[in-house]
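**Student:** Sharing a model prediction with you, sequence too.
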Amino acid sequence: MRYCWAMSNKTIEKLLKERTDLLSELGTLSCMLHGSWVERFSVCSRANCKCHKGHKHGPRHYLVINENNQQRQKYIPNAQVIAAKAGRSDYKRVCEIIDRITHINLALMKKDAYEN
Ligand SMILES: [Zn+2]
């Protein structure tokens with residue numbers, strides 16, 4: 001019995017440590033962006049422009065986000081494209097962390113250590 005109790009305590013400790021680490025990692029994901037990526041090419045109003053002969057302008061980048069239950073395309077300046085793409089990866093990591101913490105918390109609940 002004593003051995004099992006010790007093992008159980010070690011598991012709780014491990015889970016609490018992992019949860020703490022994941023929560024700190026969340027703090028590093030400040031550039032997260034939640035949305036779909038869209039690239040668009042366009043045609044301008046200048047009659048003699050190359051864009052009318054197949055060489056369209058672009059791509060221009062947009063993040064499609066949900067705003068008040070409606071989809072909105074938000075323009076992403078070219079200078080921010082790389083950072084914004086990294087921000088989308090950050091968001092995916094945030095979701096992974098939330099899922100993992102949910103599993104950890106459910107395991108802790110079974111061991112009566114959920115609110116530690
Ligand atoms: Zn043009």
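**Tutor:** Received the coordinates, thanks. Numbers count the residues shown, from 1 in each chain.
**Student:** Just the pLDDT for the one residue sitting closest to the centre of the chain.
**Tutor:** Among the residues of the chain, the one closest to the centroid is residue 91, at 0.6 Å (C-alpha atoms, centre = their mean). Model confidence at residue 91, expressed as pLDDT, equals 98.
**Student:** out of everything not next to it in sequence, what's closest to it?
**Tutor:** Of all residues not flanking residue 91 in the chain, residue 32 sits nearest, at 4.3 Å (C-beta to C-beta, 6 or more residues apart in numbering). Placement of C-beta: from N, CA and C, glycine included.
**Student:** on that earlier part again, I'd assumed the residue nearest to the centre of the chain was in a strand, is it?
**Tutor:** No - Residue 91 sits outside any strand when classified using DSSP: H, G, I helix; E, B strand; the rest coil, being helix.
**Student:** how about it, what does it touch?
**Tutor:** The neighbours of residue 91, taking C-beta atoms under 8 Å, 6 or more residues apart in numbering as the test, are 29, 32, 33, 34.
**Student:** Against the ion, how distant is the residue nearest to residue 52 when sequence neighbours are not counted?
**Tutor:** Residue nearest to residue 52 in three dimensions, not counting chain neighbours: residue 43, with 6.3 Å by C-beta to C-beta, 6+ apart. Distance, residue 43 to the ion, using C-beta to the ion, to the nearest Å: 6 Å.
**Student:** Residue ranges in this protein under the pLDDT threshold?
**Tutor:** 1-7 (pLDDT under 70).
**Student:** Next to the ion, which bits of it? Give me the list.
**Tutor:** For the chain, the contact set with the ion under C-beta under 5 Å from the ion comprises 44, 49, 51.
**Student:** Can you tell me which of the residues you listed comes closest to residue 79?
**Tutor:** Checking the residues of the chain next to the ion against residue 79 by C-beta to C-beta gives residue 44 as the nearest, at 21.2 Å.
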